[in-house]
Each structure stands twice: as C-alpha cells, then as structure tokens.
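Novice: What shape does this take:
(2 chains)
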Number of protein chains: 2
Amino acid sequence: MTSPVGLHRVVQPTGVLPQAAWRLDTSAAIAPNEVRIRVQRLNLDAASFRQLSEKHGGDGDAVRAEVLEIIATRGKMQNPVTGSGGMLIGTVEEAGRRSPLGLKPGERVATLVSLTLTPLVVTDGLARWDGRSEQVPCDGWAILFARSIAAVLPDDEDPQLSLAVLDVCGAPALTARVVSRYVEDRRRVGDPTPVRVAVIGGAGKSGSLSLAAARRAGAARTVGVVPVAAERDALTAAGLASVVALADARDPVGLSTAVTTALGAPADVTVVCVDVPGCEHGAVLATADGGTVIFFSMATSFSAAALGAEGLAADVTMLVGNGYVPGHAELALGLLRAEPGVRRLFAARIAAD
Amino acid sequence: MTSPVGLHRVVQPTGVLPQAAWRLDTSAAIAPNEVRIRVQRLNLDAASFRQLSEKHGGDGDAVRAEVLEIIATRGKMQNPVTGSGGMLIGTVEEAGRRSPLGLKPGERVATLVSLTLTPLVVTDGLARWDGRSEQVPCDGWAILFARSIAAVLPDDEDPQLSLAVLDVCGAPALTARVVSRYVEDRRRVGDPTPVRVAVIGGAGKSGSLSLAAARRAGAARTVGVVPVAAERDALTAAGLASVVALADARDPVGLSTAVTTALGAPADVTVVCVDVPGCEHGAVLATADGGTVIFFSMATSFSAAALGAEGLAADVTMLVGNGYVPGHAELALGLLRAEPGVRRLFAARIAAD
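Specialist: This next block holds a predicted model:
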C-alpha cells in the first residue's frame, strides 16, 4: 500500500518522513491515494525568505538562483539553514481514485502542509519572480499525499489574500483553543479574573489573526506588541487589540514591562509571532505563573525556551506552535471576513510586498 | 535594586538575561539578595557531555580542557554547541540578608537552575575529574540570584543519587501535571477510556521518573520505549511500565508501531526523554489525535517538531519541557523513596558512570 504520509516518495535517506528527507521523488505519475497539483505560486516561509535575502544582500537574482537550486537538488523547497519551507497555490490536475482529500480536477487550492515535505518540480525557472518577495509566481507540479491537507480557495476572495491568510491559519486556531481553555477553566470555578493575552508581533499576519482570534475566544484584554511606530499606528487603526505597545521583543525586560503595563498584569497567554531569534526569555518573563506561551516563530530556539523558563523559575506552559489544528482554514478565513481590521492589515502587507 | 534574575551579573552583551549572555560577572562578593555556594560537584547535561566526548573522540583530558576553557571564558558552564549546561552540588557559603531562598550557611544544596545562567568559577583545574563522566568533582564557587532555585539535599540519601534525581526533576513533575489533566478531563465527562502514556527513553533518568510519575498520576497503561536489550531487561525488572518495547526513536514508523502495539492505541501523552536528534516525527506519529507530546530532550529541533506535526496533519499539543514546575524537587525525591525500581535504575546508572 502507498504510504499515507508519503514514505514511498523519500529517496534519501531511507526510513525517514518526507520532511526530514534530504531528497524526495518528484515523479509526476501519482499513486491511487495521491493528488497532483499544477503549481501557480509559492509562498515562502518568512524566516526562510529573510535568511536567503540577507545572505545575498538583497540580490534578487542570487536569491532566485538559490531557491531553484534547492528545489532541483532536494525535490522540495526546504531552506537548509532555517529548515522551513512555506506553502503553495495551484489547481488540481489529477486526483487518485483513493485520495481521501476530496479534491476534484480544476479546483483552485492552497496546500496547508509545509513545502518542506511536498514533492515539487519547477518548470519555468521562476522567470516571473524578481527574488525580492516571499510570493513566488511559479509553473510546475507538486504532489499531495493522503494525509496532506489542502483548502479549496474561496471564489469571492483575492487568491493572494486567501493564500496569505491560509499560510498562517494554524496560529489563530491554536490561540483560540488555548484562550478558550483559560476562559472555560475560570468560568467553571467561578473565577472572575479576566483572561489577558499578549501577541508579540501583533501587526503581522499570524499576529493580527491571533489577536482577533483571542478576542473572539473570550480574552477580556489584549495587547499587541510591535517594534516600530508605523506598525503601532497600523495596528491601532485596525482596532484588533485593547492596547498596542512598542517594544523590542529581544529585550526581555523591556518586553515584559511593556506587556505588564498594557495588561495591568502579566499575560495569561503570550503568543510569539515574530520571526527573529532571541524572543524566548522576554515571552516567558511577560507571562503570569500558570500561563502559557505559544511559540509560532520558526526562529524559536528550543533550548533557549526550556532553559530560560527554568532559569527564571517560571511556571509557564510552553507550546510548540503546531500549524495544524482541525478547522484552522475555516476559522482564519472567517476572521478575514468578519474583521475589517484583519483585512486591512493583510491588504497593506500584500501591497507592500 | 539588584535584579532578582541576575541582570546585574551580565557582562556581555548587555540587556540580555544571564542564560543568553556570552559572559557573566563571577565576582565572589554577593549582593544582598544573592547566595554564594562553595561548589563540590558539577553534573553536566547529558547532551552537552555527549557532544564534548564525541568531539574529542572520548579523550578525557581534551574534554576537561574544553570545559575549563568554557567556564573561564564565559563565567558559566554553557556548551556552545548544544546550548545546555547542567547543575551543581555544593554548600552554602554566604547568604545575603535579602535572599528569599531561605538557605543557611553550611547547608548542602543542589541548584535546580541551569549552569547556563549560574556565575561559576573553578579553582582546582578540575584535577579530580577524568573527563569521562557527566559527574565532575570540582572546587570553586557559584552565585545564586533571588529567583534561582536550590534544593537542600536530604541527609538520608547519597548526595550523588539525590543530585542525579534533582537534575531531571522537572520531567516527572510536568508529566504528572499533564497526565492528571487527561485523567481529570475524562473523569469529569464520564469518559471511561484509559489514559495511555508512552515514555521514549524509559530506562533513563528522566524517563524512569516520568514513567513512575505517570502511573501515580492515573495513567492506566504505560509503555517505556528503549533502544537496546540491556535497557529493556533493566526497565522490565524495575517494574515501572505496563509494557517495555524495543524501538529506535529516530525511526518514526518503527517507533509509532511499537507504541501503538504496546498500548493497544496511540498514546494520549508521549514523553520524549532521549538525548538524540531526530525523535520529533516518531513522537508525533505515536500520539493520538488530541494527545500531547512533551519534549524534554535538549536535542529537540523546534522546527522539526512544528513542521512535522503540521506535515502529518496531527492534532497534537507539543510542549517544550520546562525544567521548573512548583514542587518538582519534592515530587522527584518522593518517587525515589517510594519506587524501588527508580532507585535501582539510578543506582545502576551512577555505578556505570
């Protein structure tokens, strides 16, 4: 039987899952439980694009050449330094008769599994991409496994906007789940203490969705932390947070002071959505005893988080942000529809790209 | 005021917490809220010792020289590759009048915060250490901050045994907390499904304590996964797990099959206690939808865990193992006293060192 998680596509080394593989088999012929997508656009992970762009000093041609080389060598787009990938948009070209994904040829979809485990072939040399944006126009094909996830794109939305929302849809879904748990636990024991939520990087894509999700899940007070005045003004105008605060997330004392001042107390739930290294300690310091930190940034250091919390004698639960939560695509697209502030921030980001 | 988290001891770079610092101030003179410890023994983190030992091909003199150089250069023991440290044992030499730790001169203590943030000076050149064990006899001094944690060692136990238990006491405490939550949640809704727990690396220090803690917290069925027959026999004899299974934790399919077979279903809670890289995918695959993976290994890759769960469309909660949980020292020492199997495994490990 063909592996639902794609083991049969692993070329090297054998026995590992596709995400851990060095190289994948990108054959266009699909197994009965697979789906082949005609790719139209790649959306590189922010941390990956940033690393590539900085490495090449913003030289778009060099960035494009390296992305092409990675994909040709590995049969997938996985940045060897950050380990991260991104997602793609395309059209269903062929769906195997035993695929459980329910996709039909011609449907426009976005993949919600990472490019790091998706067999991918580029056929146009990325000729339409200038190497200066995470959004990569592309022609080629990709393979989905039985346990992959893809969302059909809504007809009434700009696909680029939908893609940007779906790319980070795990963040608002997990934030909503964690915040709901605090709200329910307090309700059950009759504790009137309001649930306080801090989102570090609140003006970004995952950050603004997480702020909106936290409020809908019952957070009584939220703070969005941003690094610069322009983001402060944009997030304030979007109206997604009770308070917007300026702080450098890499400065533990500055960050925790900003959060505690804005919320009147440390946060019950702190969501880290900034893709720069060194935010672990500040997030822990900003969180109340018994609170939870959710790390969504791929720049998170496991050992810095674990040892930081221990070193601060901080009784906080720390979550590795899982990009998959059931219903995540619907929840995020729902927030885009219901929250004009989310739409405005996303539209501005896309326009700036 | 002197910083309770030790900011005043950070030499370079300024503004970061001691764990993130490159170099700490190791002055012997203490602030009113600090405590100075006369150090007798260091216990290097397993991942750190393994990396150093492998780097130097088991040459003890070279390992000792590098540890000495790290401590002299950085003012703390933090392995530059693994980022991890360890803990220490010693005697309280001087306690500042405003220290909240409640320690008195002459008390024998173990520090429960990492060496990665503890100012440390070695005065004997580690002359009594052969560089071939994680346990390092040592003379020198260390500084505790107001928010550091230290446990007074029990008089009736071998200090080396207590130290080994306290070194990993966060693991059983967090395991107990998470397992209890599943047990309580099911009880509340009248769900009779037994709570199943898998501990990867169940014969090790944190693993054996976690197995014992899971059972006491109400796990109905537990499996301890080990890599070799000798560990299987030792763990079986210790009687800490319902089942003991042999599997390579780096083989996702092999690991998940072993766990699912042993428990009759995937685990509700999977605890990763092996200090080798590449165990993230197997742990996720071995865990039931709605389950939790707790990563205690410092070899855990944040991005492998996050992207792996997403790529497998696995609805699992993933926790960064926090070494601090209130009451962790008492809980772990209590397990040592109550569970002869735990004591036997620890004694055997120490004898083998």
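
Novice: ok, stretch A:322-341 near chain B or not?
Specialist: Yes. Stretch A:322-341 lies within reach of chain B by CB under 8 Å from any CB of the partner chain, at A:322-326. For glycine as for every other residue, the C-beta is placed from the backbone atoms N, C-alpha and C.

Novice: Out of the residues you listed, show me where the pLDDT dips lowest.
Specialist: The lowest pLDDT within the residues of stretch A:322-341 next to chain B belongs to A:G323, with 86.

Novice: Check the residues of stretch A:322-341 next to chain B and tell me the two furthest apart.
Specialist: Spatial extent of the residues of stretch A:322-341 next to chain B (CB to CB) is set by the pair A:G323 and A:P326 at 12.2 Å.

Novice: Longest helix of chain A, counting residues only.
Specialist: In chain A, with assignment by DSSP state H, the single longest helix is helix A:170-188.

Novice: ok, A:G334 to B:G58 distance?
Specialist: Remark: distance between A:G334 and B:G58 (CB to CB, to the nearest Å) = 58 Å.

Novice: nearest residue to A:T257 other than its sequence neighbours?
Specialist: Closest residue in space to A:T257, ignoring its immediate chain neighbours: A:A247 at 7.7 Å, by CB to CB, 6 or more residues apart in numbering or on different chains.

Novice: Contacts only, for the one you found.
Specialist: Counting by CB atoms under 8 Å, 6 or more residues apart in numbering or on different chains, A:A247 touches A:225, A:227, A:254-255, A:257-259.

Novice: Can you name the residues of the stretch 101-250 of chain A sitting close to chain B?
Specialist: The stretch 101-250 of chain A comes close to chain B at residues A:112-114, A:116-117, A:147-149, A:170, as judged by CB under 8 Å from any CB.

Novice: quick check, nearest of the residues you listed to B:A219?
Specialist: Looking across those and measuring by CB to CB, the closest to B:A219 is A:R147, at 27.6 Å.

Novice: The closest one should be in a helix, yeah?
Specialist: No. Going by DSSP: H, G, I helix; E, B strand; the rest coil, the assignment for A:R147 is coil, not a helix.

Novice: Count the neighbours of it for me.
Specialist: Residue neighbour count, defined by other CB atoms under 10 Å in any protein chain shown, stands at 17 for A:R147.

Novice: returning to what we had before: would you indicate which residues of the longest helix of chain A are buried?
Specialist: Buried residues in helix A:170-188, counted by 16 or more other CB atoms under 10 Å in any protein chain shown: A:170-180, A:182-183, A:186.

Novice: re earlier: report the buried members of the residues of stretch A:322-341 next to chain B.
Specialist: In terms of neighbour count (16+ other CB under 10 Å), the buried residues within the residues of stretch A:322-341 next to chain B are A:322-325.

Novice: ok, so what distance separates A:M298 from chain B?
Specialist: Shown here: A:M298 relative to chain B, a distance of 5 Å by CB to the nearest CB, to the nearest Å.

Novice: so that residue touches B:A305, yeah?
Specialist: No. With contacts counted by CB atoms under 8 Å, A:M298 stays clear of B:A305, the gap being 10.8 Å.

Novice: what's the residue of the stretch 101-250 of chain A found nearest chain B in contact with, if anything?
Specialist: Relative to chain B, the nearest point of the stretch 101-250 of chain A is A:L117 (4.3 Å; CB to the nearest CB). By CB under 8 Å, 6+ apart, the contact set of A:L117 is A:6, A:17-19, A:21, A:24, A:76, A:85, B:307, B:311.

Novice: before we move on, the earlier item: next SSE downstream of the longest helix of chain A?
Specialist: Per DSSP states H and E, the first helix or strand lying C-terminal to helix A:170-188 is strand A:196-200.

Novice: Low-confidence ranges, the stretch 251-353 of chain A, go.
Specialist: Within the stretch 251-353 of chain A, the segments meeting pLDDT under 70 span A:353.

Novice: distance between the ends of stretch A:155-171?
Specialist: Stretch A:155-171 has an end-to-end distance of 23 Å (CA to CA, to the nearest Å).

Novice: Okay, buried residues for that stretch please.
Specialist: Applying 16+ other CB under 10 Å to stretch A:155-171 flags A:159-171 as buried.

Novice: repeat for stretch A:289-303
Specialist: By 16+ other CB under 10 Å, the buried positions in stretch A:289-303 come out as A:291-303.

Novice: how about a markdown table for these, with secondary structure added?
Specialist: Shown next, in a markdown table, are the buried residues of stretch A:289-303 (three-state DSSP):
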| residue | secondary structure |
| --- | --- |
| A:G291 | strand |
| A:T292 | strand |
| A:V293 | strand |
| A:I294 | strand |
| A:F295 | strand |
| A:F296 | coil |
| A:S297 | coil |
| A:M298 | coil |
| A:A299 | coil |
| A:T300 | coil |
| A:S301 | coil |
| A:F302 | helix |
| A:S303 | helix |
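
Novice: can you name the two of the residues you listed that are farthest apart?
Specialist: Across those, the two members that end up farthest from each other (CB to CB) are A:G291 and A:M298, 22.5 Å apart.

Novice: From B:L112, how far out is A:D289?
Specialist: To B:L112, A:D289 is 16 Å away according to CB to CB.

Novice: How about the contacts made by the residue nearest the centre of chain A?
Specialist: Closest residue to the average C-alpha location of chain A: A:V168 at 3.4 Å, with CA atoms, centre = their mean. Contacts for A:V168 (CB under 8 Å, 6+ apart) come out as A:205-206, A:209, A:296, A:332.

Novice: Can you read off the pLDDT for it?
Specialist: With respect to pLDDT, A:V168 has a value of 91.

Novice: how about it, phi and psi?
Specialist: With angles defined as degrees, to the nearest 10, A:V168 sits at phi -120, psi 20.

Novice: can you give me the strands in the stretch 151-300 of chain A?
Specialist: A:196-200, A:221-226, A:243-246, A:267-272, A:287-295 (DSSP state E, counting those that start in this stretch).
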